[in-house]
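Visitor: Quick one, fold the following:
(one chain, ligands or ions: 1)
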Amino acid sequence: MGKGGGGEDAVMLPLFETKEARFRGAYKVFAFTVFVGIFFIWVYRLTHIPRAGEQGRWAWIGMFMAELCFGLYWILTQSCRFKVVYNHPFKERLSNRYKDKLPSVDIFVCTADPKMEQPTMVINTVLSVMSYNYPPEKLGVYLSDDGGSDLTFYALIEASNFSKHWIPFCKKFNVEPRSPGAYFSQQIDVHDIKYAQEWLAIKKLYKQMENRIDLAIEMGEIPKEIRDQHKGFSEWNSKVTKQDHQSIVKIMIDGRDENAVDIYGGQLPTLVYMAREKRLQWSHNFKAGAMNALVELAGIGGYGAALYCGTGCLHRRESLYGKVYSKDYGGELNVEARINADKTVNELEEVSKFLANCSYEKDTQWGKKMGLIYGCPVEDVVTGLAIQCRGWKSLYYNPNRKAFLGVAPTTLDVVLVQQKRWSEGMFQIFFSKYCPFTYGHGKIKLGAQMGYCMYLLWAPISFPTLYYVIVPPLCLFHGISLFPQVESIWFWPFAYVFVARNACSIAETLNCGDTLKAWWNGQRIWLIRRTTSYFFGFIDTISRQLGLSETTFAITTKVVIEDVLKRYEEEVIEFGSSTIMVTIIAALALLHIFCLIGGIKKIFLDLEFIKLDQLILQVILSLLLVMINIPVYQALFIRNDEGRIPSSILFKSVVLVSLAGLIPIV
Ligand SMILES: O=c1ccn([C@@H]2O[C@H](COP(=O)(O)OP(=O)(O)O[C@H]3O[C@H](CO)[C@@H](O)[C@H](O)[C@H]3O)[C@@H](O)[C@H]2O)c(=O)[nH]1
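Guide: Okay, here's the model as predicted:
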């Protein structure tokens, strides 16, 4: 580390520092003790298998398999804990070093459906990134509209006009957050009269704009007088549908134009609308296709392998273009495509439309070695891996004031569909040529390969989890012991691994600033995800591998209904739909309480306490499962709001549990 201040030294000061997390040595010792515990559990299982013909022999072997999977998976997860680093950037050094030679930055915003991703929400994102504290002549904002909707286009026209007021307002008062919707939902400090006046005026402008957009959405079409004001609407003729239309590219603000200024004469950033061509016979590759069209259009962690998570990530252009990192790469910050400098807006739009055509990428490396990789619903993770394997390093940075805020699902069914897509997509990567252990071999560190696999194996980990939450409770119900007695020495590895693993997870949660309640809720959703989404993610991956189905992308809806939001804020789970996943959740919850009651009855009445110490761990496991499922029982039996579990599901679950009770334990 050098001294601060100006001069040549200051120019060469590092732009960030990386520090290793503390207590890693102690953690490694702790992890070793847990591993010893896991090892003894495996030894116990193998040395105590019930003899052939004895009841519970196969259940026992299944327990061994499940615990083997958990143990191996736990080893994978250590890759993320052994080497933890924190990055700290020095922002002022960046401007000292590069002064006015900062790189040009293109920001891509994607939307795919005006019903699930409302245009007002989309333009709030656009307006917030347009207002970044960055030289506007170096900033380009590109909206990809896979919904091909004139409503979204209209909203962007409104946003481009409003930005002339909003950007200078943000700069003048250093506004945070810069999304107007989020900003106006906050209380303001009215001590400064000038600020309060401007605040009121711009809020009024925003609300008027919002009303106009909402009105158009309500009507389902753009009023004629608005259509006539912008020639861009002529692209939406009667033949245009969401799945079938020509490419549409409109440069709403041309950042090169000296007249593209805000109300105070300040330069505005470039703003572009793009709906890439869609034809029924062409695969459009979901978000990866949209992102590549944008990349083409714009000219644009601990092992140095933090995951690319799709949203809120910054890339160097060269890394996305498929270039291999070279040691001579000096971080050419000012590589700018000058070739288009002399083109008019119309000429640029025409060239861009060609780039956004379906056929443009045919027989090219786009989607393979260039841009985002096609064929996988988690295009971000596989693309990040490929980039890292080309020698580029990635850093994870989580500033106190969040750099990006997104919209998370508020209902369980949407979460489960999203999680299914992720687990399915990641498992596909494991099966593909991009499997980190083979594709990444010799290119990224073993720790990074293991770290990737921790995510890629979400789908198959559903099987041992399902086994563990079904078989021990069922065995308890039948009075069959699957764990050592409390007096036995073998009891201790189980107790130690259970307590140590959970204590570590609680410590991590608290260390991240979360509460104990959040941890407990985390266990709840952990169980639900593993027993539903990951399971179906597995099934769908296999059926895709067998050629029985095709990759799909179920968009996460960002629309929130008022009473659903109210329940979400009150921390009440929104079940509310009759999906197979909710049926599984309900059936498992009923099974757990049914087995717990049945098991306790058996211990107290039929077995006369003889087996209590042999079954105590199963009783504890079932009790914990019942406690985790409390919101499910409430949704099944107590709640009467719209978010409860429908009674048809209760009926199906009772049938399923009755059948499970009949399964003989062998
Ligand atoms: O055909 C499509 C489908 C989706 N999208 C866009 O892709 C983004 C992600 O889709 P969303 O339904 O929001 O998925 P999520 O699972 O919520 O998104 C997370 O997971 C995705 C897959 O890993 C990443 O691409 C995202 O960046 C990340 O936020 C959204 O902006 C969509 O508008 C398209 O542009 N075209």
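
Visitor: how does the chain divide up, domain by domain?
Guide: 102-184+192-393, 448-661 (automatic domain parsing).

Visitor: W166 should be in a helix, yeah?
Guide: Yes: counting by DSSP: H, G, I helix; E, B strand; the rest coil, W166 is located in a helix.

Visitor: give me the low-pLDDT residue ranges for the stretch 551-666 of the chain?
Guide: For the stretch 551-666 of the chain, residues meeting the criterion pLDDT under 70 lie at 607-610.

Visitor: Indicate which one of the domains of the chain is closest to I41.
Guide: Between I41 and those, the tightest spacing by C-beta to C-beta is seen for domain 448-661, at 5.0 Å. (Each C-beta comes from the backbone N, C-alpha and C, glycine too.)

Visitor: If we ignore the residues flanking it in sequence, what's nearest the residue of the chain found nearest the ligand?
Guide: In the chain, the residue that lies nearest the ligand is G310 (2.2 Å; C-beta to the nearest ligand atom). The spatially closest residue to G310, leaving aside those adjacent along the chain, is D380, at 3.5 Å (C-beta to C-beta, 6 or more residues apart in numbering).

Visitor: wait, what's in contact with the one you found?
Guide: Residues in contact with D380 (C-beta atoms under 8 Å, 6 or more residues apart in numbering) are 307-310, 313, 372.

Visitor: returning to that earlier point: which stretch in the domains of the chain has the least confidence?
Guide: Lowest mean pLDDT within those: domain 102-184+192-393, a mean of 90.

Visitor: centre of the chain versus that domain, how much separation?
Guide: 20 Å (C-alpha atoms, centre = their mean, to the nearest Å).

Visitor: likewise stretch 429-439?
Guide: With C-alpha atoms, centre = their mean as the basis, stretch 429-439 stands 21 Å off its chain's centre.

Visitor: Briefly note if it comes near the ligand.
Guide: No: against the ligand, stretch 429-439 shows no contacts by C-beta under 6 Å from any ligand atom, the least distance being 11.0 Å.

Visitor: Check what contacts that stretch and list those residues.
Guide: Under C-beta under 8 Å, 6+ apart, the answer for stretch 429-439 is 373, 375-376, 378, 381-382, 385-386, 389, 444, 448-449, 452-453, 456-457, 541, 545.

Visitor: Can I get the buried ones among the residues you listed as something I can paste into PyMOL?
Guide: A single PyMOL command suffices to select whichever of the contacts of stretch 429-439 are buried according to 16 or more other C-beta atoms under 10 Å:
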select buried, resi 373+375+376+378+381+382+385+386+389+444+448+449+452+453+456+457+541
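
Visitor: So which of the contacts of stretch 429-439 belong to strands?
Guide: Judged by DSSP state E, these include no members of strands.

Visitor: The contacts of stretch 429-439: which ones sit near the ligand?
Guide: Checking the contacts of stretch 429-439 against the ligand (C-beta under 6 Å from any ligand atom), the matches are V378.

Visitor: Tell me who's in contact with W519.
Guide: Here W519 is in contact with 505-506, 509-510 (C-beta under 8 Å, 6+ apart).

Visitor: let's see it at 6 Å
Guide: Residues in contact with W519 (C-beta atoms under 6 Å, 6 or more residues apart in numbering) are 506, 509.
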